[in-house]
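Visitor: coordinates only, sequence not included:
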């Protein structure tokens, strides 16, 4: 299509639109961090719902189609609500990091927050900061009155594992070596384990070269893999979290 | 409040020692450092406790709706009520901005819809209740109705109606 700079026009059939919504919903549900905001999808879905509601109002009462359409509306509204709720939960959970990420975003990079979500996040932060300050911090000794929420509030765990299905074949995906904390024995290729041998009371570690390795992701295959490895693929739509 | 007192006491003692240390008594450094750690720990505990309460209060908005029952409000400090009201307002602004003219109430549709209409029993005398096609239903205690699911959700959560699973 036209590369105008400001985003392409997505012309999707209603079915494709709902599929996009469901994909975005599932990805958001299973990803440990807040994903890119999808304002186009949301806008179109809302329009679609209004359209369907309007159609229903015009239909004859007692028409069988009415029930089916209403059910469909309910379903779509549920998915949309669930999607937006999921995002709000993550925004609230990681609020200092989400705001920091948005503030330090480069010009061309896509936003993870819609303008409304951004406003909400800022209000949430200000509200919480003010509360903590008034109730506790200002009563504390002078050198303890400031606290960095960015440091205190936990970050999303990007090393958590996710299930995914491959939509577009990917080659040579680099999988980082495990650290001692992330011990996972996967059902398929895994790096040579750091050997630990129990010798009486002592654990001996073999000096093992930490190996990175690459894998190919075949279209249609399903995997259990660390989120950090596939984060860009989720963003680009090459894989679908399940 | 007690923790704050303790912190203040510790701090004052520390202050005294700091000024002592500055004047050359380096053997006090460990004591100062120890007290500082205590202070930091207290600070962390206080903040964790307060923050956890905020998270629970936030959950209340999603469970009970915008009006909190008095029994709960009784347990909240004035500042917490303040926080709740601000959160409520912020959430409402956001919900209104999504989804067309009326906005999208995100506190509805918590569960995937299984059927359009559900059987509900009324637990208390609620009064009149209007449904989409204009008809009003009188919700009296123990009366049972077959109503559209989406209309009942909030009332079910508030405990006015009960979903009857046959």
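Guide: All right, it came through fine. Since this is a predicted model, take the numbers as computed values, not measurements.

Visitor: from here on, contacts and neighbour counts on C-alpha atoms
Guide: Fine.

Visitor: so how many other residues sit close to residue B:67?
Guide: 11 (other CA atoms under 10 Å in any protein chain shown).

Visitor: that one falls within a strand, correct?
Guide: No - in this structure, residue B:67 is coil, not part of a strand, as judged by DSSP: H, G, I helix; E, B strand; the rest coil.

Visitor: need phi/psi at it.
Guide: phi -110, psi 120 (degrees, to the nearest 10).

Visitor: how about the contacts made by it?
Guide: By CA atoms under 8 Å, 6 or more residues apart in numbering or on different chains, residue B:67 lies in contact with residue B:61.

Visitor: any idea of the pLDDT on it?
Guide: In this model, residue B:67 is scored at 79, pLDDT.

Visitor: distance of it from residue B:139?
Guide: As for residue B:67, its distance to residue B:139 is 21 Å (criterion: CA to CA, to the nearest Å).

Visitor: what about the strands in chain A?
Guide: Secondary structure of chain A by DSSP state E: the strands cover A:161-166, A:170-175, A:196-199, A:202-205, A:213-217, A:222-226, A:239-241.

Visitor: an error on my part: the question was meant for chain B.
Guide: B:117-122, B:127-130, B:136-139, B:144-148, B:161-163.

Visitor: how about the ones you listed in a markdown table, adding mean neighbour count, distance to chain A and mean pLDDT?
Guide: What follows is these, written out as a markdown table (neighbours: other CA atoms under 10 Å in any protein chain shown; distance: least, CA to the nearest CA, whole Å; pLDDT from 0 to 100):
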| stretch | mean neighbour count | distance to chain A | mean pLDDT |
| --- | --- | --- | --- |
| strand B:117-122 | 19 | 10 | 76 |
| strand B:127-130 | 12 | 17 | 76 |
| strand B:136-139 | 15 | 18 | 77 |
| strand B:144-148 | 15 | 11 | 78 |
| strand B:161-163 | 21 | 18 | 76 |
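
Visitor: would JSON lines of those strands with distance to residue A:99 be doable?
Guide: Shown next, in JSON lines, are these (distance: least, CA to CA, whole Å):
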{"stretch": "strand B:117-122", "distance to residue A:99": "42"}
{"stretch": "strand B:127-130", "distance to residue A:99": "42"}
{"stretch": "strand B:136-139", "distance to residue A:99": "46"}
{"stretch": "strand B:144-148", "distance to residue A:99": "40"}
{"stretch": "strand B:161-163", "distance to residue A:99": "40"}
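
Visitor: how about these, which one is nearest residue B:50?
Guide: For the strands of chain B, the distance to residue B:50 is smallest for strand B:161-163, at 33.9 Å, taking CA to CA.

Visitor: show me the contact partners of the closest one.
Guide: B:118, B:119, B:120, B:121, B:122, B:123, B:124, B:152, B:155, B:156.

Visitor: thought the first one was touching residue B:153?
Guide: No - contact criterion CA atoms under 8 Å: residue B:118 and residue B:153 do not qualify, at 10.2 Å.

Visitor: any idea how far the closest residue to residue B:62 other than its chain neighbours is from residue B:71?
Guide: Once flanking residues are discounted, residue B:62 sits nearest to residue B:107: 6.0 Å by CA to CA, 6 or more residues apart in numbering or on different chains. Remark: distance between residue B:107 and residue B:71 (CA to CA) = 22 Å.

Visitor: between the two, who's got more neighbours?
Guide: Ranked by neighbour count (other CA under 10 Å), residue B:107 and residue B:71 place residue B:107 first, with 17 against 8.

Visitor: for the more buried one, phi and psi?
Guide: The phi/psi pair for residue B:107 (degrees, to the nearest 10) reads phi -80, psi 0.

Visitor: which parts of stretch B:65-74 are buried?
Guide: Buried residues in stretch B:65-74, counted by 16 or more other CA atoms under 10 Å in any protein chain shown: residue B:68.

Visitor: now do the same end-to-end measure for it.
Guide: Separation of the first and last residues of stretch B:65-74 by CA to CA is 17 Å.

Visitor: quick one: find the helix or strand in the chain with the lowest mean pLDDT.
Guide: Picking chain A for this. When the helices and strands of chain A are scored by mean pLDDT, DSSP states H and E, strand A:202-205 comes last with a mean of 36.

Visitor: listing request: residues of chain B with sub-threshold pLDDT.
Guide: Applying pLDDT under 70 to chain B flags the ranges B:1-30, B:99-104, B:109-111, B:113-116, B:131-134, B:150, B:157, B:165-166.

Visitor: need the pLDDT of residue A:83.
Guide: For residue A:83, pLDDT reads 91.
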